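Engineer: No sequence on hand, only this structure:
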């Protein structure tokens, strides 16, 4: 018999015994142990998952026949995407309680920011998985404590919110992973960790009205400013929204602090009561905040208002990297810490060097979280050309998958996971690059979400989806005998919230003038054609601004091609990029804009999946 998986992975939520120093030592020892014995731990994790779930329908369907060894598992189990298991997921959503994926009952669905057929993906999860998520976040704090001691002596000011959730036809909750965590007993009774001391009362976090949620949390954060040692939000975009909120509403907030009252716009009774337990009249503090917020420049406002802040805790990898300059401006260069790598499918790893530059962030995958495999990515002229472009993998491609200990430094891979909640060889869609090692555990930089070209917040729009949306919108131009000859896009984050911008070059065959209202209709048609995550960001969360179309001069896209050719692109092989990220290219297009048009209203959105509302 080999060594057992370290106990820390099995019962992470037990009450803390001994000092915080001892607890942190235990957590760091756990990381050392599992990153040293990586392959041994991975084999045991896979065996544990397969033995627990030996009799579930999905494994029996593929004739695993109770085998728990890696070789048989890889031989008989296919590498899958969401579409492969969607019929089974729909069965669970509709109330089928038989053990399809997992011997433990599905406790809820976590709604992924990725989509299938325009709707959020539904990831079945179990109670044990929620424990693992909190455990990983605890490991992250223990790592940070090495760099910033005594964090437990102050508070964290986080701007958190819950998203709308739905019930499946079978009665299970379907909600984003953070909403699930904030509503779980582990968070609501969250004094299991000395680091879970926040300026925001739980009632303010759970308030679904976005204005009251943000206002009450900002008010509590300002009032407790000297106790704040760290600030943050799940994503960089969310934290910047909080600062922009303060820019708009600081005078109201100062009035509340001066008088010790809560603005009448905060009508949620539980929110008012929870804030009033904290708030007392403090005219001197109100004067200070007013003086700082009245200054011409808001550079360094975070450091000025919360002077004891050690770091900003936000995700700045992937599409969130576009917000780094703005965060640096507001924080006077405070460290930007991306501590956790996670998804709706599973929590994966921690950043063991949390105070590195945002461009150097890499994550060490914790081998007890799930069983990891990696599909090699190949690039063709800088573009991803991987096995993952095909809908299902042939035998040769499946054989290319490698284990956690067999990845190579510098190589890019798509992440494939087998989880305790019943995903088997599931392709997450994240592209990772191997950057180094912690003991025997590889460390990965997050490169991108595969095929995503536009993203403002948690939305993810790929090229095919954008192409279809433009095609739908062009129907509005038919009465005017006009057409779009070429287009591209970019995510404009210069304002908050950011928004999608599309550049259109038109072919005008008719003589009738096209009214601005027609282009506004085109904007809305595009938005209506995008996925439900985008719709929620626009209509409910207000994290995405109205989509914009900019009409450019005839010949603009020839100029764009000339630019790429001047950089060495072949004119014969040139294809117009459907999304731009380079500032000079955006400037080139902006210099040739003739008119700008915005979506006049939000696209339709309701929580849940459309098909749930078509049932009796």
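Structural biologist: Nice, thanks for sending it over. It should be emphasised that the depicted structure is a prediction, and the values quoted were computed from it without experimental measurement. Numbers count the residues shown, from 1 in each chain.
Engineer: For the longest helix along the chain, name the packing helices and strands.
Structural biologist: Longest helix in the chain by number of residues (criterion: DSSP state H): helix 236-259. In terms of contacts (3 or more CB pairs under 8 Å, 6 or more residues apart in numbering; DSSP states H and E), helix 236-259 is packed against helix 210-223, strand 228-235, helix 283-294, helix 301-305, strand 311-315, helix 324-331. All C-beta spots, glycine's among them, are computed from the backbone N, C-alpha and C.
Engineer: redo that, cut-off 10 Å
Structural biologist: Helix 236-259 is packed against strand 155-158, helix 210-223, strand 228-235, helix 283-294, helix 301-305, strand 311-315, helix 324-331, with contacts defined by 3 or more CB pairs under 10 Å, 6 or more residues apart in numbering; DSSP states H and E.
Engineer: Per-residue pLDDT of the nearest residue to residue 169 once chain neighbours are set aside, please?
Structural biologist: In space, and not counting its chain neighbours, residue 169 is closest to residue 94: 5.0 Å by CB to CB, 6 or more residues apart in numbering. According to the per-residue confidence, residue 94 scores 89 in pLDDT.
Engineer: quick one, phi psi at residue 94?
Structural biologist: Dihedral pair for residue 94: phi -90, psi 0, per degrees, to the nearest 10.
Engineer: That one and residue 167, how far apart?
Structural biologist: Distance of residue 94 to residue 167, computed by CB to CB, to the nearest Å: 12 Å.
Engineer: which intervals of the stretch 301-450 of the chain have sub-threshold pLDDT?
Structural biologist: Low-confidence segments of the stretch 301-450 of the chain, defined by pLDDT under 70, are located at 379-397.
Engineer: returning to that earlier point: out of the helices and strands packed on helix 236-259, nearest to residue 500?
Structural biologist: When these are ranked by distance to residue 500, counting by CB to CB, first place goes to strand 228-235 at 17.1 Å.
Engineer: So which elements touch that closest one?
Structural biologist: Of the remaining helices and strands, those touching strand 228-235 by 3+ CB pairs under 10 Å, 6+ apart are strand 155-158, helix 177-183, helix 210-223, helix 236-259, helix 301-305, strand 311-315, strand 336-337.
Engineer: In this protein, what helix or strand scores lowest on average pLDDT?
Structural biologist: Each helix and strand of the chain was given a mean pLDDT (mean pLDDT, DSSP states H and E); the minimum falls on strand 383-384 at a mean of 44.
Engineer: quick one, phi psi at residue 85?
Structural biologist: Backbone dihedrals for residue 85, given as degrees, to the nearest 10, come out at phi -110, psi 0.
Engineer: That one: how many residues sit nearby?
Structural biologist: Residues within reach of residue 85, counting by other CB atoms under 10 Å, total 19.
Engineer: for the one 3 residues further on, same thing?
Structural biologist: Around residue 88 there are 17 other residues, counting by other CB under 10 Å.
Engineer: Surely it forms part of a helix?
Structural biologist: Yes: if the criterion is DSSP: H, G, I helix; E, B strand; the rest coil, then residue 88 is within a helix.
Engineer: hang on, isn't it packed against residue 58?
Structural biologist: Yes: A contact is recorded between residue 88 and residue 58 when judged using CB atoms under 10 Å, the distance being 6.7 Å.
Engineer: between those two, what contacts are shared?
Structural biologist: Counting by CB atoms under 10 Å, 6 or more residues apart in numbering, the common neighbours of residue 88 and residue 58 are 100, 101, 422.
Engineer: The longest strand seen in the chain: which residues count as buried?
Structural biologist: With secondary structure taken from DSSP state E, the chain has its longest strand at strand 426-438. Judged by neighbour count using 16 or more other CB atoms under 10 Å, the buried positions of strand 426-438 are 426, 427, 428, 429, 430, 431, 432, 433, 434, 435, 438.
Engineer: which residues does the nearest residue to the fifth one once chain neighbours are set aside contact?
Structural biologist: In other words, residue 430. With CB to CB, 6+ apart as the criterion, residue 430 has its nearest non-adjacent residue at 4.8 Å, and that residue is residue 415. Listed by CB under 10 Å, 6+ apart, the contact set of residue 415 reads 341, 343, 345-346, 348, 365, 372-375, 426-432, 444, 446, 450.
Engineer: List the residues that contact the spatially closest residue to residue 499 that is not a sequence neighbour.
Structural biologist: Taking CB to CB, 6+ apart, and ignoring the residues beside it in sequence, residue 499 has residue 545 as its nearest neighbour in space, at 3.5 Å. By CB under 10 Å, 6+ apart, residue 545 lies in contact with 456, 492-493, 495-500, 537-538, 598-599.
Engineer: Identify, from those residues, the entry nearest to residue 307.
Structural biologist: Distances from residue 307 to the contacts of residue 545, taken as CB to CB, are shortest for residue 496 (24.1 Å).
Engineer: what about the closest one, neighbour count?
Structural biologist: Applying other CB under 10 Å, I find that residue 496 has 20 neighbouring residues.
Engineer: Was I right to think it contacts residue 327?
Structural biologist: No: taking contact to mean CB under 10 Å, the distance of 11.7 Å between residue 496 and residue 327 leaves them out of contact.
Engineer: From residue 300, how far off is the closest residue to residue 243 other than its chain neighbours?
Structural biologist: The spatially closest residue to residue 243, leaving aside those adjacent along the chain, is residue 330, at 5.4 Å (CB to CB, 6+ apart). Between residue 330 and residue 300 the distance, using CB to CB, works out to 7 Å.
Engineer: same check, this time on residue 250
Structural biologist: 16 Å.
Engineer: between these two, which one's more packed in?
Structural biologist: A direct count of neighbours by other CB under 10 Å for residue 250 and residue 300 places residue 250 higher, at 19 against 16.
Engineer: which ones are touching that one?
Structural biologist: 218, 222, 289, 290, 292, 293, 294, 301, 305.
Engineer: how far away is it from residue 237?
Structural biologist: Following CB to CB, the distance that separates residue 250 from residue 237 is 21 Å.
Engineer: Also residue 246?
Structural biologist: When distances are taken as CB to CB, residue 246 and residue 237 turn out to be 15 Å apart.
Engineer: Please identify which of these two sits among more neighbours.
Structural biologist: Counting neighbours by other CB under 10 Å for residue 246 and for residue 237 shows that residue 237 has the greater number, 27 against 22.
Engineer: Contact partners for the residue minimising distance to the centre of the chain?
Structural biologist: Nearest to the mean C-alpha position of the chain, counting by CA atoms, centre = their mean, stands residue 458 at 5.0 Å. When contacts are counted by CB under 10 Å, 6+ apart, residue 458 is found next to 112-114, 163, 176, 178, 234-235, 237-238, 319, 533-534, 536-537, 541, 543-544.
Engineer: Now do the same for it: helix, strand or coil?
Structural biologist: Secondary structure state of residue 458, per three-state DSSP, is coil.
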